[in-house]
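Q: Show me how the following folds:
(one chain, ligands or ions: 3)
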Amino acid sequence: MTSDLDSILDVAKSAAAAGGHVLKRYWRDGVELRDKSANGGKTYDLVSDADLESQAVVAGVISEAFPDHELMGEEDLVGDTTAEHLWVIDPLDGTNNFAHHIPHFAVSVAYYRNQRPAVGVVLNPISGDLYTATFGGGAFHNDAPIKVSGAPSLSNAIVGCGFYYDRGEMMRSTLAAVEEFFSHDIHGIRRFGGAALDLCAVASGMFGAFFEYKLSPWDFAAGQLILTEAGGTITDGRGQPLGLVQSSIAASNSTLHDAVLAITAKHHP
Ligand code: IPD
Ligand code: CA
Ligand code: CA
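A: Ligands and ions are numbered 1, 2, ... in the order given. Okay, the predicted model is just below:
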């Protein structure tokens, strides 16, 4: 299976690089942002031609290599989640950062086999940070192996978090959890604005933990494999296994997982 996954990883890397190329061009030349309110979204939930074109080229690279594989992507790409071969794509994770010219966003590409993550790639096309993993093959940052932090308690950790586009109860729950994390003397909270890279930050030991109360499969599909291959643990915010559905997320270096869940479950919206 490993050599089989290595060739799939090569395709995933090529697809992410192609998407990243598109994002870099729009980053340089500028792009008009639209909000998703016309489709029932929020005025601060943004999309652009960069998202759409990135998804088109990512999907194109994958379909050329594997014409019979299913594709699921944020921009209206509905794949069969029960398929033997399924790709899960976020063509631009961190759209708000992109919109405000903050160079922290990514292309996220995951390959699932029989509903389990088998390959994950997260690429920040501006910094060149490339995170990869194959099931059973370890996790890497720019080809160097990575592992989670050895922080033994929350008081040794930085904790990342995210705020879904919903405000109201979701935001109050997140802020209550953040406050409780601080009461455990964490070194700090970070909200960087791209869930895929946040999971890679846990995988590479920058964050001891990360949580967010609502993410979509394309936000966490690649990052979850990179994290688990680096020795981390990821569940929903109540400790349940993740599926290919919208979910809360609790991610950690494994050692901290129970302590993280005690907080995320308590304040879960
Ligand atoms: C978002 C980012 C953000 C997270 C949101 C996601 P998008 O993805 O990952 O960090 O807080 O919940 O929806 O919209 O930039 O692809
Ligand atoms: Ca996303
Ligand atoms: Ca996106």
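Q: what lines up beside the helix or strand hosting Ala251 in the sheet?
A: Taking DSSP states H and E as the definition, Ala251 sits inside strand 247-252. Using DSSP bridges, strand 247-252 pairs in its sheet with strand 209-215 (antiparallel), strand 233-235 (antiparallel).
Q: State the mean pLDDT of it.
A: Averaged over strand 247-252, pLDDT sits at 98.
Q: Show me the shaky parts of this protein.
A: Low-confidence segments of the chain (pLDDT under 70): 1-3, 36-47.
Q: Can you pull up the residues of it that come close to ligand 2?
A: Asp90, Asp93, Asp219 (C-beta under 5 Å from the ion). Bear in mind the C-beta positions are built from the backbone N, C-alpha and C, glycine included.
Q: Also near ligand 3: which of these, exactly?
A: For ligand 3, the contacts drawn from the residues of the chain next to ligand 2 by C-beta under 5 Å from the ion are Asp90.
Q: out of the residues of the chain next to ligand 2, which is most surrounded?
A: Asp90 (33 neighbours; other C-beta atoms under 10 Å).
Q: continuing past the helix or strand hosting that one, what's the next helix or strand?
A: Counting by DSSP H and E, the element that carries Asp90 is strand 85-93. Sequence order places helix 95-99 as the next helix or strand after strand 85-93, per DSSP H and E.
Q: Past that following helix, which element shows up next along the chain?
A: strand 106-113.
Q: And ligand 3, is that following strand touching that?
A: No. Strand 106-113 does not reach ligand 3 (C-beta under 5 Å from the ion); its nearest approach is 8.2 Å.
Q: how far is that strand from where the chain is centred?
A: Mean-position distance between strand 106-113 and its chain equals 9 Å (C-alpha atoms, centre = their mean, to the nearest Å).
Q: so that strand versus strand 85-93, what angle?
A: Per axes from the mean of the first three to the mean of the last three C-alpha atoms, to 10 degrees, the angle that strand 106-113 makes with strand 85-93 is 170 degrees.
Q: Contacts for the helix or strand that strand 106-113 is followed by next, please.
A: Once the chain leaves strand 106-113, the next helix or strand it forms, by DSSP H and E, is strand 116-123. With C-beta atoms under 8 Å, 6 or more residues apart in numbering as the test, strand 116-123 has contacts from 5, 8-9, 12-13, 15-17, 19-20, 93, 106-112, 129-135, 196-197, 199-200, 221-226, 229.
Q: Now strand 116-123: buried residues?
A: Pro117, Ala118, Val119, Gly120, Val121, Val122, Leu123 (16 or more other C-beta atoms under 10 Å).
Q: how about the helices in the stretch 51-200 of the chain?
A: In the stretch 51-200 of the chain, the helices defined using DSSP state H, counting those that start in this stretch lie at 95-99, 169-183, 195-203.
Q: could you give the angle of the second one to strand 209-215?
A: Which is helix 169-183. Using the same axes, to 10 degrees: helix 169-183 against strand 209-215 is 170 degrees.
Q: one step back: closest to Ala99 among the residues of the chain next to ligand 2?
A: Nearest to Ala99, judged by C-beta to C-beta, of these is Asp93 at 12.9 Å.
Q: tell me the contacts of the closest one?
A: Asp93 neighbours (C-beta under 8 Å, 6+ apart): Phe105, Ala106, Val107, Ser108, Val122, Gly194, Ala195, Ala196, Leu197, Trp218, Asp219.
Q: can the helices of the stretch 51-200 of the chain go into TSV with extra columns for distance to Asp29 and mean neighbour count?
A: TSV is the format used below for these (distance: least, C-beta to C-beta, whole Å; neighbours: other C-beta atoms under 10 Å):
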stretch	distance to Asp29	mean neighbour count
helix 95-99	13	20
helix 169-183	34	16
helix 195-203	23	30
